[in-house]
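Visitor: this one's sequence-less:
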């Protein structure tokens with residue numbers, strides 16, 4: 001499991017805002033630095049959990065990797081090949097190797113199509129089945145893999161529960177035998193009991209097909225349950241990454257500590273939270289120089305407002321971006 005299936009280096013995505021009428025007349029613009037120079041990798045067969053608060057750039061990162069949106073700059077390598085150098089035709093062919101499962105399974109499924117139509121469409125696009133019989137057999141196989149039956153094949157999305165729709169969305173991702181699946185908050189819209197079922201399904205499929213996952217979520221319990229390694233993101237930057245056991249038992253970055261301290265603890269014998277943050281989350285719109293956490297961090301010093309900390313290794317497979325370690 002040492003091979004890096006996916007490598008992201010210096011990945012940047014900036015959006016330009018024209019502002020209101022007065023700003024446009026004056027020629028003033030603002031820049032949203034949604035993703036601002038991030039590095040991470042995912043080994044073959046493992047799950048990397050990408051965690052952070054809403055608006056930190058997690059979902060944008062997932063869309064950049066699939067090139068649903070184009071990056072401002074940086075590198076995205078799959079099996080050592082730079083996806084950004086691919087022609088549109090080559091990228092269309094490569095998309096069968098990288099599949100995205102969205103947060104809202106109802107919005108991502110065409111309400112006018114039956115499950116047979118939805119699951120057979122990728123087979124048609126990538127020429128993976130020639131006859132109607134071949135397509136139907138493959139669709140039935142996929143439904144069985146995600147715990148559904150043949151009686152569901154001719155139904156429409158509105159006839160299913162949220163958990164069932166997400167199973168269908170996962171089946172659609174599996175249709176083309178991908179190597180990497182990106183889950184963009186795939187269980188956040190589900191009840192807790194259903195979340196556990198879907199997470200277990202993800203793990204079963206990973207073991208069965210040697211899948212690699214980039215799992216995006218804001219829920220630390222979800223990330224802890226499914227991930228091998230964790231990357232913590234704050235306002236467009238990755239501030240800490242490492243093995244899941246290390247991040248949850250011995251976090252080093254103030255933001256990671258604050259995230260974990262905010263999780264309710266059922267055991268009264270456990271020690272009190274080590275660190276809390278005051279104030280509002282920084283904005284990604286024209287952020288100031290230095291560390292994005294500087295205005296909230298009780299450990300901040302003068303250098304934090306001047307120099308953006310780099311992600312550096314502090315131990316085997318453990319990286320942190322902080323001036324005050």
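Guide: All right, it came through fine. All values reported here derive from a predicted model rather than from experimental measurement.
Visitor: Which stretches in the stretch 201-325 of the chain count as helices?
Guide: Applying DSSP state H, counting those that start in this stretch to the stretch 201-325 of the chain gives helices spanning 220-226, 244-249, 254-261.
Visitor: Report the rounded mean pLDDT for the shortest one.
Guide: Looking at helix 244-249 alone, the average pLDDT works out to 94.
Visitor: Tell me what the closest residue to residue 52 other than its chain neighbours is bridged to.
Guide: Nearest non-adjacent residue to residue 52, counting by Cβ to Cβ, 6 or more residues apart in numbering: residue 233, 3.7 Å away. Where C-beta positions appear, they are placed from N, C-alpha and C, glycine not excepted. Beta-bridge partners recorded for residue 233 (DSSP bridges): residue 238.
Visitor: For burial, what's the neighbour tally of residue 233?
Guide: Applying other Cβ atoms under 10 Å, we find 24 other residues in the vicinity of residue 233.
Visitor: same question, residue 325
Guide: Residue 325 has 11 nearby residues by other Cβ under 10 Å.
Visitor: got the contact list for the residue nearest to residue 52?
Guide: 38, 50, 51, 52, 56, 57, 58, 61, 239 (Cβ atoms under 8 Å, 6 or more residues apart in numbering).
Visitor: possible to save those as TSV with distance to residue 147?
Guide: Shown next, in TSV, are the contacts of residue 233 (distance: Cβ to Cβ, whole Å):
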residue	distance to residue 147
38	35
50	26
51	27
52	30
56	32
57	33
58	27
61	29
239	37
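Visitor: Just those: which are in helices?
Guide: Among these, the members falling in helices (DSSP state H) are 58, 61.
Visitor: The stretch 151-300 of the chain: strands as residue ranges?
Guide: Taking DSSP state E, counting those that start in this stretch as the test, the strands found in the stretch 151-300 of the chain are 180-184, 212-217, 229-234, 237-243.
Visitor: And residue 69, which helix or strand is it part of?
Guide: Assigned by DSSP states H and E, residue 69 belongs to no helix or strand.
Visitor: roughly how far apart are it and residue 165?
Guide: Per Cβ to Cβ, to the nearest Å, residue 69 is found 25 Å from residue 165.
Visitor: who's more crowded, these two?
Guide: residue 165 (22 against 13).
Visitor: That one contacts residue 109, correct?
Guide: Yes - the pair residue 165 and residue 109 qualifies as a contact (Cβ atoms under 8 Å) at a distance of 6.2 Å.
Visitor: what residues do the two have in common as contacts?
Guide: residue 157.
Visitor: Enumerate the positions of stretch 283-294 that are buried.
Guide: 284, 287, 290, 291, 292, 293, 294 (16 or more other Cβ atoms under 10 Å).
Visitor: same check, this time on stretch 313-325
Guide: Result for stretch 313-325 [16+ other Cβ under 10 Å]: buried residues 318, 319, 320, 321, 322, 323.
Visitor: Stretch 201-219 now?
Guide: Buried, per 16+ other Cβ under 10 Å, within stretch 201-219: 201-202, 205-206, 211-219.
Visitor: ok, now stretch 240-257?
Guide: Buried residues in stretch 240-257 (16+ other Cβ under 10 Å): 240-244, 246-248, 251-257.
Visitor: what does it contact?
Guide: 40, 49, 220, 223-224, 227-232, 234, 239, 260, 274-275, 277, 293, 297-299, 311, 314-315, 317-322, 324-325.
Visitor: for stretch 106-118, same thing?
Guide: Taking Cβ under 8 Å, 6+ apart as the rule, stretch 106-118 contacts 102, 121, 135-136, 139, 143, 152-158, 162, 165, 168-169, 172.
Visitor: Which PyMOL command selects the buried ones in these?
Guide: Buried subset of those, written as a PyMOL selection, criterion 16+ other Cβ under 10 Å:
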select buried, resi 102+135+136+139+143+152+153+157+162+165+168+169+172
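Visitor: tell me the angle whichever helix or strand residue 15 is part of makes with strand 180-184.
Guide: Element membership for residue 15, per DSSP H and E: strand 4-17. Relative orientation of strand 4-17 versus strand 180-184 (axes from the mean of the first three to the mean of the last three Cα atoms, to 10 degrees): 40 degrees.
Visitor: Strand 4-17 vs strand 212-217, what angle?
Guide: Going by the same axes, to 10 degrees, strand 4-17 makes 40 degrees with strand 212-217.
Visitor: next one: strand 4-17 to chain centre, how far?
Guide: 13 Å (Cα atoms, centre = their mean, to the nearest Å).
Visitor: So which residue is smack in the middle of this structure?
Guide: residue 216 (2.9 Å; Cα atoms, centre = their mean).
Visitor: hang on, that residue packs against residue 61?
Guide: Yes - the pair residue 216 / residue 61 is scored as a contact, 7.4 Å apart, by Cβ under 8 Å.
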